[in-house]
Structures are given as C-alpha cells and as structure tokens.
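Engineer: pasting the sequence and the predicted model now:
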Amino acid sequence: MHMAAPLVVVQAAQQHQMVPCMYIFGDSLVDNGNNNNILSLARANYRPYGVDFPDGAAPAGRFTNGRTMVDLLADHLGFRPPLIPAYALAEPADHARGLNFASGAAGIRHETGNNLGGHYALSEQVEHFRTVVQGLEPGKSQQLGRCIYYVGMGSNDYLNNYFMPDYYPTARNYDPSAYAALLLADYERQITDLYALGARKFVIAGVGQIGCIPYELARVDDNPPPAGIGIAVPGINISLGRGGSNAGKRKGGCNEEINSAIAIYNKGLLAMVKRLNGGSQTPGARLVFLNAVNSGKDLAANAAAYGFTVLDRGCCGVGRNNGQITCLPMQTPCDNRSKYIFWDAFHPTEAANRIIAAKVFNSSSTADAYPINVSRLAAI
C-alpha cells in the first residue's frame, strides 16, 4: 500500500494541465481543419490523411497520418482529449480552453498562398483571436497571460511567394536580406498585437531546411513543378510546388538557394525573440525560439536510434521519392509508418512529430529551444 503512493503522485502530476489554455497560429503542419470548408487546394479532409486516428477521435483536416506536433506538445502540457479544436469547427464553450487558428498555405504576408486559393493569413488568424477574446467572460480573459501561444510562420512566404517568381513579384523587388527584414517587421507587428490582447508566453517556431524535403529531392533541373504549397514546423518543413529558379540546386539534391534564404530569415527571427524578451514594448513577455534546422538535422543524424529507416520518401505519394504528387484521396499508404520521417512528400508522420514535440518540451540545450524549453516556459 505504501509502495503505490509515489506512483499515484507521479501519475497525478503527469496528468496536471500546466497552463489554463493554448492558442495556435500557423500553417498546414499545425492546421487541424480550418481550411475544410473554404475554397482551397490546401486541405486534408480526406483519407488516408488521419488514417491512424480511431474513428471519431478527431475531425478530419490534419496534414498527416495522426497527430500534429502541436497536438503532441499540448499533450506534454497536460491537455487531455478532446484535442484543442480548430477555430472554424469549435463551439463557444471551447474558446477559453484553447483554439487552433492555423491555416494551410498561410503566411506572414497577406498574398502568400493565393496560388492555392482560400486560406487565413497570420493577420486574419490574429483577428480571429481578437474576436474570441472579446467574447470571453471577464474571469476567463484574465487568465490569458498564463496560456501558451504557439506561432509558426514563414515557410509559405518563401515557397508560395518569394520562390514563385512567375506568380509573385517579391523576388524581383527584394533581395533575400531585404525580404526577410520585410517579413520580420510584419511578424513582429502581429506578435505585439497578440501581446496587446493578453498573450505573454510565446513559442516561436523557426523554419527548417525546406530546400531538402522529399519534393525538392524528387525534382530534376529540367522539370520544374507547376504550383506550390509550403509549410513550416520545427524540424520538418514542407513544400509542394514551384520553387522558382533552380540556380544553386544540384540535381537530385537540396535546393541550397532556398536554404540560404531561410537561414537569413531564421537569424532575424531569433534576434526578434531576443529583442522582445523583456523589451520595453513588451514588458513581461517571454518568448521561446524553436530551432527547426537543428531539430531536423538531429532527426536525420539519429534516424536509426529513433527507429526511422526511410528519410527521403513519403509514406504516401506519387513519383520519385513519393514526392512529385501529394497523397491522393483513398490512396493506400505504407504499412510501417513509424519507420518514415515523412508521411507524404511534404508533411511529417506522427512518429516524427512525437520526437520533435518531446525535444522542444524537455531539451536542456539552447540549440533546440532558446532561451528555455517549453516546459520551463509553462511553469513561469
């Protein structure tokens, strides 16, 4: 009897919800259904997407076989089912506990992703949150400063904007450094808007090496793709479509032109996090930067230890690397999904998401989460 007591205490601690609520802003890798009912090519409300959810366990709309990274991060924070719902699918009673505002194809810039149809840009996601805050009861709105705010943006602003020169003029108007500065100025305005609405604890996800995802690996120099979709999540970053110029890209390898531009953006994003931490315009704010590039390199370097045997192909898709066309409706995916880093040409499996979520929650290294991990942020 006495031996069982410590175990009960540990289990109770693990089940404790560390923060009163969690709000999520981003693009396809964290979208969980906000695009389901709008006119958009960036939707995943069909099988085999979500194939590893038990029937009825979650609404359709996640761009993976099961849970996303933020689903799993919420689990580490002590949130128990039901999962944090998509804003577009939520009931008013859900609002105080947390909502997911993310939208496939969304970017920092409003026009980003227009090549794929409807979506909700970051500024629109922030306005949706404003509407929610205005409708909260006073007692619930006072807890907003203790909640976690996950924001992951930027990938689409490159893959579905800057590197689509036939569709967008940004590459002609800005060099990579000027474009990154433009994005980050807009991004900072949205973060300070969230701060003004009561947010204090931010998890800011960097963009990974999106020039190295399976879709890029499947490309050949003389066969540019017809359109594009790109997404960013810590560790895994996804693109579907035209990457623009093939300059700097070796046949069958990474697109280093894209990776170089992303490196400039990430450096500026980290500087923004440092500036807003304790800055005069955001007193009391705590921001954590998630290093997507480092997480992705760790997944690849330690693939065998994590149980992965397939690093460069999607579990579901068509063409070289299962990377030329995304997973099609009712297509049969691979059986051993836990062995694949990528679910399709563009999105990670739940197995990869699980590792990334655990790393950013627990890591003691500032190379993964700076200046502290998500667990410590929640405890503040």
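Structural biologist: Sure thing, it's come through.

Engineer: the strands in the stretch 1-150 of the chain, which residues?
Structural biologist: 22-25, 98-100, 148-152 (DSSP state E, counting those that start in this stretch).

Engineer: same check on the stretch 251-380 of the chain?
Structural biologist: 286-290, 310-314, 340-342, 369-370.

Engineer: export those to CSV and tack on mean neighbour count?
Structural biologist: Any C-beta I mention is one placed from the backbone N, CA and C, and that applies to glycine too. Output for those, formatted as CSV (neighbours: other CB atoms under 10 Å):
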stretch, mean neighbour count
strand 286-290, 24
strand 310-314, 21
strand 340-342, 26
strand 369-370, 22
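
Engineer: can I get those in a markdown table including mean pLDDT and distance to residue 183?
Structural biologist: A markdown table is the format used below for the strands of the stretch 251-380 of the chain (pLDDT from 0 to 100; distance: least, CB to CB, whole Å):
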| stretch | mean pLDDT | distance to residue 183 |
| --- | --- | --- |
| strand 286-290 | 98 | 15 |
| strand 310-314 | 93 | 28 |
| strand 340-342 | 95 | 26 |
| strand 369-370 | 98 | 20 |
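
Engineer: redo those as TSV? Include distance to residue 180.
Structural biologist: As requested, these are arranged in TSV below (distance: least, CB to CB, whole Å):
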stretch	distance to residue 180
strand 286-290	15
strand 310-314	28
strand 340-342	26
strand 369-370	18
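
Engineer: for residue 323, find the nearest of the ones you listed.
Structural biologist: strand 310-314 (6.0 Å; CB to CB).

Engineer: direction included, what does the closest one pair against?
Structural biologist: strand 340-342 (parallel) (DSSP bridges).

Engineer: need the contact partners of the partner strand.
Structural biologist: Residues outside strand 340-342 that contact it (CB atoms under 8 Å, 6 or more residues apart in numbering): 213-214, 236, 299-300, 303, 308, 310-311, 313-315, 334, 348-349, 351-352.

Engineer: just the CA coordinates of stretch 259-268, formatted as PDB?
Structural biologist: Below are the C-alpha coordinates for stretch 259-268, written out as PDB (Å, rounded to 0.1, in the frame of the first residue of the first chain):
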ATOM      1  CA  ASN A 259      18.100  27.000 -47.600                       C
ATOM      2  CA  SER A 260      20.300  30.100 -47.800                       C
ATOM      3  CA  ALA A 261      17.300  32.500 -47.800                       C
ATOM      4  CA  ILE A 262      15.800  30.600 -44.800                       C
ATOM      5  CA  ALA A 263      19.000  30.900 -42.800                       C
ATOM      6  CA  ILE A 264      18.800  34.700 -43.200                       C
ATOM      7  CA  TYR A 265      15.200  34.700 -42.000                       C
ATOM      8  CA  ASN A 266      15.900  32.400 -39.000                       C
ATOM      9  CA  LYS A 267      18.700  34.600 -37.900                       C
ATOM     10  CA  GLY A 268      16.500  37.600 -37.900                       C
END
